[in-house]
Structures are given as structure tokens and as C-alpha cells.
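K.L.:
Here is the input, now give the coordinates:
(chains A and B)
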Number of protein chains: 2
Amino acid sequence: MIVESRTVTFDSIALDSGATLAPVEVAYESYGKLNPARSNAILVLHAFSGDAHAAGISPETGQPGWWDNMIGPGKAFDTNQYFVICSNVLGGCRGTTGPSSPDPATGRPYAMTFPVITISDMVRLQKMLIDHLEIPRLLAVTGGSMGGMQALEWAVAYPDRVVAAIPIATTTRHSAQQIAFNEVGRQAIMADPDWNGGDYYGKRPPARGLAVARMVGHITYMSDDSMREKFGRRLRDKETFSFGFDVDFEVESYLRYRGSQFVGRFDANSYLYITKAMDYFDLTNGHGSLAQALAATGARFLAISFTSDWLYPSYQSQEVVRALRSRNCDVAYVELESNYGHDAFLVDVTGQTDLVRGFLASTLERVG
Amino acid sequence: MIVESRTVTFDSIALDSGATLAPVEVAYESYGKLNPARSNAILVLHAFSGDAHAAGISPETGQPGWWDNMIGPGKAFDTNQYFVICSNVLGGCRGTTGPSSPDPATGRPYAMTFPVITISDMVRLQKMLIDHLEIPRLLAVTGGSMGGMQALEWAVAYPDRVVAAIPIATTTRHSAQQIAFNEVGRQAIMADPDWNGGDYYGKRPPARGLAVARMVGHITYMSDDSMREKFGRRLRDKETFSFGFDVDFEVESYLRYRGSQFVGRFDANSYLYITKAMDYFDLTNGHGSLAQALAATGARFLAISFTSDWLYPSYQSQEVVRALRSRNCDVAYVELESNYGHDAFLVDVTGQTDLVRGFLASTLERVG
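P.N.:
Okay, the predicted model is just below:
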């Protein structure tokens, strides 16, 4: 599999808030080879804490990409057939311009002077990248969770540039509960004195607040069942309760570990900006209704949700499916059985693989 | 309705951890009048952040009790018929000995030198109170959430002292997910530098950490549906997004308010100790199985759960009901329809009232 990792710098990007970012960088990876007709490109969109490293083994970190089980030769997104692209989102901290990037006006990181961004801003930057790559139409846009929001936004904002969309475990807009979980994460970060109004670069980062935010996140990514299977009430390295406040249960150890590990790879201000973008996202914004928002798109859709996903429950996928059907769009919807909760889109590969493979094959046929 | 508010001091209490607390105080309120046969007493057990003020209007705060809609003349727990008692739990911060109480050895608050306590310790102290009140048998023990755990523990630990038990929206042991949510709350508190190893009395309390912990709690107490009905995506005092990090959505405003309000009425160390007691609770501890744990009890049971309660889901109530039925115990179980999530036991009174009233009447008949 041919892997390329690049960064492109554009002069500027106009944002939904009215602000302009100049310049703006976007980091991306690609897998496989663009065909001469430039018609086999698939844009993969990452979730909240993901990055451009979607597949293969990173030569820097030795880590597989976040969707390595789905992207590669013979896999769901078969790199023998397709040219797969993944870029880090605007506002991120893994190569694309975000709050930790230097503000050219000062030479210091933007921190909280970074403008608030939206899912639509993220997609606008991706569109600039796709234009730059001279890809006239994407065969497919796809992603889970926040990646699914971007896939939907692509189909609505650039209807003639998308042949097919595969939104997975996602929503057209956050519910009060989803906003609430994000807000708790933001408050945990901003409550940490080391956050310091966002001005912590070169100093001690708000590690404790960010870890707590991530711990909350991890609970919402799993299901009650998967936590029972993985941890139950098993104690960590002990036979009986400690009668203290160190780790007693395996699940406590896991959460603490995942929390502290996250601090090393993610920027707390990016956490604030990206969760805000998710909360603002509403596919009906400026369109009146979901059906009207989807009126212009000619894309075909495959929507997937998972039975045990309580963070992005199936009813949210069903809302967009209903709206698409009301516009007589070409849409397939599958609710996959899974115990993994929201994490299913990352780990429960079997069901997804066949669905995606078949859907892409029939999409290719139609494109001809 | 006759209301009494008292504090009793006992010489000491032996704890599950092996430690002894001496002395130990317990604050309680009572509503109604004990009959001459001393046979009409009902012990009401409060949930995590509750206190002894279960009914009536507090002369100090002007606030109604936390179960005022259920306790009073003509209500579910009819104070014209029953003598209702509610005490603050061991480890609490509302009159009963807890980490904020003075350690007689030093004259300063125990803070983190307070021994780790269990649900069974809480119940042992309640038993001392009931002995002190010379009540030979409780007509009923009841409570929701952590109150339900205590009701179950009463029936198991003091089988000849309980005629009936009404555990509501509760479990015989915390799942990994329930432990995880509690652990996040504890980590949020302990991550706050103002927590200072628990030694913050007379200084600035860990207000930010405690507020974040409470925000997480509030999300788990509501349902996706009830949050949608109460907040949806409504903006707070604005027409459009602020493109900043102040409050945009109503639900953010609500969580911030409830978080900061909690700080004024609850002690952060009590948060740590009481959540730990919940996580340690396992009715099978020392008994082998649930059925064996319940083998000695002669109590009759009414178990109630709520359809939208995802924090203490119905399957957890059904587990104890199954175990009771396997011992041929007298048990009624009702899953009530409610949109309120876990909060239903506090707010969704209609269904509960009829059930409790009928169950208590038939219990009285049997006692004769």
C-alpha cells in the first residue's frame, strides 16, 4: 500500500464566525493510488480525538492508524481499488491549524484567540484540499461520530462533489445530553488552574482537567455491557478492598490510565474548540428542515448505527434516513448488533466491512 | 404533622474496615407519631446527596424535604398512620459524623483520616438509632438509589427487624459503569488543587472539582428524553451562537448552576467517602450468592424501577426480584413508565404513591 503523509498550506480560510484564518495548514495522509480518471478517491473523516493517521503503521510512533482495520489492501476501504485520503480537522492538534498553532501576528500560539470553528469550517478546509488534489468528485465521504457529521455536511454543502456518503454512528445535531457531556469535559479543563485561560503553552498543561474530561468521554464510548464484560467488579492487583482512595477496581485503573495517556497526545484547547464545533453542528442550520437541507444532494447514502451505542443512539441515524427517504434519496440503513457501544465503529469491523464493500462496489458500478 | 429534628450521640461504632469511630453522632428527623405498640415506624433512607430532612418545610432553610411529595398526611407514606424516620448517613455532612466532623484526637476535622465506610456501616448506625428509639421492628425500610441499597442491606443484616422493604431504582451492587461514573467524580474533586489532600476545612474548598463532579452526576440522573424536553438545543438568552466559550445552550447554563449550587451544600470529602461506600456495596459479600444473602430475611418486598432510568436500569432491580422469588419470598415488582430517568423516584410521584400505599396497607394487615 502506497502511503503518503503531507501538509499543505493555504493563504487563508473564511470561517462561519466571520473570522478569517491566514494562513491555514492541513495535514493529511493518503493510502493507495488515484486512478487516471481521478474517480476513485474516498475521503475518510476522523472523530473527535482522531487524526490524519487513519491506516498503516506510523513510521514515527509505530502505531497503526485509527481505522487500520477498515482501510488497506482487501479491507473494507480496499486500497487496491480506492485512493483513501484522511486529513486532520481544523482546530486539531495533529498537523492542521488549531489553537496550539502559532498566530502569525504574534509568533505565539493562538490559544484562546483562535476563532471558534464549526463542522462546516472543517469541511470547507477539506474541500480546499480536495480541490488542491484536483479531484473533481469524491467517490465517497465517510466517518464515524464527528466524522459522520462531516460526511453529512459534505453531502449538503458540496452536493455535486460527492457520489456517496457513509455516515456511521452519528447525528445531524447534538442532543441536550450530548452537549451536556461535552460541556462537562470543557468545564473540567477550564476548572484546572493550569489551563490558565488557555495560555499554558511552554508551561504545565492542564493535565488533570484534560484527564478527567477524557475519563468521562471513555465511559460514554463504551456500553454498560461492554464495561461489564471488560471489567465487571474485578479488583486491580488485590484480593480485597483497600479501604482507601487508591485504585480498587480494574475499571478505575483503566480510566485513570486512559485519562493520563490522553494528555500526552492531545491539546486541551483543541478539546474545547472541537467539542464546541460538534455542539454547534446542526445540519438544518440555514435550511429550515432536515429534508430541505438534504434537498440538493444527489449522493447515495449508507447509514450505519449500533444497537448498544447510547452516545449516538440509532434514533439519530434514523432521523437522517427518514429525511433522505422523504426526498426520495437513495439510502440504505443498517443497525448493526454490537455490544461495544459507540466504540463499535472503531472496533466491530466484521459487520461494517461487508456493508461498506458492497455499497462501494455498487457505487462504482453506477459511476461506470 | 408532628416533626422532630434531633441528634443522638453514641459512644462508638465498629466499622467493616476494622476501624472504630468514637464517638459517633447521627442526625435524624421524624414525622408523625409512634403508636403505643411501636409497630408503625417506617425508616426512609436517603440517596447519595440527601439528608435527614425528608419531609415538611425546614424552619432553617425554608426548603421542603427531598421526599416531601411522598411523606406527609394522606401521602404515600401517610404520617396520619405511620411514624416516619429519616437519618443522615454515616460519612455525610448534614449532622451525622463524617469527614468534616471534628476528630476528638486532634480537635480538627477528620478529613482523609476518616475511615472508609460501607453501606453496611451506615445501616449499622441506623440500627443503633432504631434500638435507641426502642422500636422492635420496622414496618418498612425504603429509599431510592443508595437509599434502596440500605433498604436491601437492612433486610439482609437484620432480618427479624424488618417487616417490609421497598427498594426503589437501585441495585444489589454497582456495575463497572456505575463505579466509573463515581470514579470520575472522585477524580474531578481530587484533581482540584484546592482539595489539598482533603485538608481544606477553614480554607477554600475544592469548589471547581466538586462542581464538575456534580455536573456529571446530573447528566446521569436525567434521561436523554427528559433533557430533550427540558432543554433541547435551546439557546440561553441569545438568538445565535456566541462563537465563544461562555454559555450558549440552556443545558450548559443548567449544569453550571447545579454544579455551583451543590458546592454550597455538600462537602467534597463526603462525596469521596459516600461514593466509595456505594461502589463497595455488594449484597452478596460474604454470602456466596444473592439468593443466599436473602435466605434469612422474612421481609416482604416491593421493588420499583423506572423505564428511562439508565443509571440504575431495571435489570438491576429484576436481579434482586429473581433472587427473592428463587427463595420463595413475598415480592412484588413494578417497572413504572417514566421519562425522568433516575430522578423519577424523586419526582414521578403518581405511580409510586398508589403502589406504596397499597403495599403498606397490606403489610399492616398481615402484621395485624
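K.L.:
and A:Pro59, what element?
P.N.:
In this assignment (DSSP states H and E), A:Pro59 forms part of neither any helix nor any strand.
K.L.:
Also A:Ser270?
P.N.:
In this assignment (DSSP H and E), A:Ser270 forms part of helix A:268-280.
K.L.:
The next helix or strand after that helix: which residues count as buried?
P.N.:
Next helix or strand after helix A:268-280 toward the C-terminus (DSSP H and E): helix A:290-293. Taking 16 or more other C-beta atoms under 10 Å in any protein chain shown as the basis for neighbour counts, the residues of helix A:290-293 that come out buried are A:Leu290, A:Ala291, A:Ala293. (Glycine included, C-beta is placed from N, CA and C.)
K.L.:
wouldn't the first one be in contact with A:Thr171 here?
P.N.:
This means A:Leu290. No - in terms of C-beta atoms under 8 Å, A:Leu290 does not count as a neighbour of A:Thr171; the distance is 11.0 Å.
K.L.:
Identify the contacts common to these two.
P.N.:
Residues touching both A:Leu290 and A:Thr171 comprise A:Glu319, A:Val320, with contact defined as C-beta atoms under 8 Å, 6 or more residues apart in numbering or on different chains.
K.L.:
quick revisit: so which of the buried residues of helix A:290-293 is the closest to A:Thr307?
P.N.:
Here the nearest of the buried residues of helix A:290-293 to A:Thr307, counting by C-beta to C-beta, is A:Leu290; it sits at 23.1 Å.
K.L.:
list the contacts for the closest one?
P.N.:
By C-beta under 8 Å, 6+ apart, the neighbours of A:Leu290 are A:Thr172, A:Leu283, A:Thr284, A:Glu319, A:Val320, A:Ala323.
K.L.:
Scan these and report the most crowded one.
P.N.:
A:Val320 (26 neighbours; other C-beta atoms under 10 Å in any protein chain shown).
K.L.:
mind listing what that one touches?
P.N.:
A:Val320 touches A:Leu152, A:Pro167, A:Thr171, A:Thr172, A:Leu283, A:Leu290, A:Leu294, A:Phe301, A:Ala303, counting by C-beta under 8 Å, 6+ apart.
K.L.:
how about the helices of chain A, start to end?
P.N.:
Remark: helices of chain A, listed N- to C-terminal, are A:119-132, A:146-157, A:176-191, A:207-221, A:224-230, A:250-263, A:268-280, A:290-293, A:314-326, A:344-347, A:349-367; assignment by DSSP state H.
K.L.:
what packs against the fifth one?
P.N.:
Taking 3 or more C-beta pairs under 8 Å, 6 or more residues apart in numbering or on different chains; DSSP states H and E as the contact definition, the neighbouring helices and strands of helix A:224-230 are helix A:250-263, helix B:176-191.
K.L.:
what's the spacing between A:Ser87 and A:Arg6?
P.N.:
9 Å (C-beta to C-beta, to the nearest Å).
K.L.:
shared neighbours of the two, which are they?
P.N.:
A:Ala27, A:Tyr28, A:Glu29.
K.L.:
What's opposite A:Leu43 in the beta bridge?
P.N.:
Using DSSP bridges, the beta-bridge partners of A:Leu43 come out as A:Ile85, A:Val141.
K.L.:
I figured it was touching A:Ile85, is that so?
P.N.:
Yes - under the criterion of C-beta under 8 Å, A:Leu43 is in contact with A:Ile85, at a separation of 5.2 Å.
K.L.:
More neighbours: which of those two?
P.N.:
Applying other C-beta under 10 Å to A:Leu43 and A:Ile85 shows that A:Leu43 carries more neighbours, namely 31 against 26.
K.L.:
quick one, what contacts that one?
P.N.:
Taking C-beta under 8 Å, 6+ apart, we find A:Leu43 in contact with A:Ile85, A:Cys86, A:Gln126, A:Ile130, A:Leu138, A:Ala140, A:Val141, A:Thr142, A:Trp154.
K.L.:
With A:Ala76 instead?
P.N.:
Shown here is A:Ala76, whose contacts under the criterion C-beta under 8 Å, 6+ apart are A:Met70, A:Val349, A:Gln352, A:Thr353, A:Val356, A:Arg357.
K.L.:
Nearest residue to A:Glu4 in space, please, no chain neighbours.
P.N.:
When the adjacent residues along the chain are set aside, A:Glu4 lies closest to A:Ser30, with 4.8 Å between them (C-beta to C-beta, 6 or more residues apart in numbering or on different chains).
K.L.:
cool, A:Ser314 as well?
P.N.:
Nearest non-adjacent residue to A:Ser314, counting by C-beta to C-beta, 6+ apart: A:Ser305, 4.1 Å away.
K.L.:
cool, A:Ala332 as well?
P.N.:
If you skip the residues right next to it in sequence, A:Ala332 has A:Leu302 as its closest partner in space, 4.9 Å away by C-beta to C-beta, 6+ apart.
K.L.:
go on, A:His46?
P.N.:
By the measure of C-beta to C-beta, 6+ apart, the closest residue to A:His46 outside its immediate chain neighbours is A:Gly147, 5.4 Å from it.
K.L.:
ditto for A:Ile274
P.N.:
Across the structure, with C-beta to C-beta, 6+ apart as the measure, the residue nearest A:Ile274 apart from its sequence neighbours is A:Gly91 (5.3 Å).
K.L.:
try A:Val3
P.N.:
Distance criterion C-beta to C-beta, 6+ apart; nearest residue to A:Val3, sequence neighbours excluded, is A:Gly56 at 4.8 Å.
K.L.:
Give me the pLDDT value at the spatially most central residue of chain A.
P.N.:
For chain A, the residue sitting closest to the mean C-alpha position, by C-alpha atoms, centre = their mean, is A:Ala47 at 1.4 Å. According to the per-residue confidence, A:Ala47 scores 98 in pLDDT.
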